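Peer 1: this one's structure only:
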């Protein structure tokens with residue numbers, strides 16, 4: 001794309017990794033019915049099957065839940081009444097792979113370290129105006145996704161859009177007066193950690209908002 005100062009910017013050692021190996025949820029009475037659902041990330045396992053009474057939560061917001069269900073939910077399994085249409089994201093792979101290949105997947109062992117540093121990728125088109133080149137126009141998207149969520153639409157698609165935008169700018173020969181910087185953030189889903197650490201390190205600490213020298 002012709003960007004300059006492209007770097008992998010480390011911002012922290014982000015805790016321990018989390019991996020979903022197996023989950024199972026079903027209704028057992030008055031008849032059997034499997035239920036599609038995903039565990040909340042960074043929660044521990046249940047150490048085996050658990051049985052409990054189901055409470056169907058029919059509420060518009062948390063205040064209504066407190067008013068209608070306070071003191072009634074301890075030890076229960078809660079199911080919200082919002083319907084979700086589920087389409088398996090891995091259907092093309094399951095159709096394409098052979099039975100032998102699918103069987104072999106259960107033997108794959110992850111060798112990734114349990115704790116790993118976190119990086120985000122940045123690059124820029126340098127501004128050409130001597131007075132304005134230190135002013136930065138930021139474009140950002142985040143590379144990380146949430147398990148059980150929408151995948152590439154949140155937000156690999158956004159990353160692709162900003163990369164295409166700067167490619168078009170470079171191809172057109174436009175010389176921007178201000179520096180245009182793109183950032184492919186990490187740690188967004190866990191709480192905007194990557195972008196906040198970058199702002200703290202590069203521009204200003206949110207605690208005092210004292211601006212740092214341009215870089």
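Peer 2: All right, it came through fine. Treat the numbers as computed from the prediction; the structure is a model and nothing was measured. Numbers count the residues shown, from 1 in each chain.

Peer 1: quick check: can you list the domain ranges of the protein?
Peer 2: As assigned by automatic domain parsing, the chain contains the domains 4-16+118-202, 26-107.

Peer 1: nearest to residue 212, of the ones you listed?
Peer 2: Nearest of the domains of the chain to residue 212, taken as C-beta to C-beta: domain 4-16+118-202 at 6.8 Å. C-betas here are computed from N, CA, C, even on glycine.

Peer 1: before we move on, the earlier item: looking at the domains of the chain, which is buried most?
Peer 2: Ranked by mean neighbour count, the domains of the chain are led by domain 4-16+118-202 with a mean of 16 (mean count of other C-beta atoms under 10 Å).

Peer 1: other residues contacting stretch 38-49?
Peer 2: 18, 20, 23, 24, 146, 147, 148 (C-beta atoms under 8 Å, 6 or more residues apart in numbering).

Peer 1: apply 10 Å and report the result again.
Peer 2: 15-26, 28, 146-149, 189-190 (C-beta atoms under 10 Å, 6 or more residues apart in numbering).

Peer 1: out of those residues, which sit inside strands?
Peer 2: Here DSSP state E is the test, and the contacts of stretch 38-49 give residue 26 as lying in strands.

Peer 1: let's have the domains of the chain in JSON lines, adding distance to residue 210 and mean pLDDT.
Peer 2: Below are the domains of the chain laid out as JSON lines (distance: least, C-beta to C-beta, whole Å; pLDDT from 0 to 100):
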{"stretch": "domain 4-16+118-202", "distance to residue 210": "11", "mean pLDDT": "90"}
{"stretch": "domain 26-107", "distance to residue 210": "34", "mean pLDDT": "82"}
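
Peer 1: and residue 213, which of those domains is closest to it?
Peer 2: Among the domains of the chain, if distance is taken as C-beta to C-beta, the winner is domain 4-16+118-202, at 9.2 Å.

Peer 1: which residues touch the spatially most central residue of the chain?
Peer 2: Closest to where the C-alpha atoms of the chain average out (C-alpha atoms, centre = their mean) is residue 145, at 2.9 Å. Residue 145 makes contacts with 151, 152, 153, 154, 155, 156, 188, 189, as judged by C-beta under 10 Å, 6+ apart.

Peer 1: run through the helices of this protein in chain order.
Peer 2: 62-69, 91-96, 99-104, 156-172, 193-202 (DSSP state H).

Peer 1: could these go into TSV alongside distance to residue 6?
Peer 2: Shown next, in TSV, are these (distance: least, C-beta to C-beta, whole Å):
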stretch	distance to residue 6
helix 62-69	43
helix 91-96	32
helix 99-104	36
helix 156-172	11
helix 193-202	15
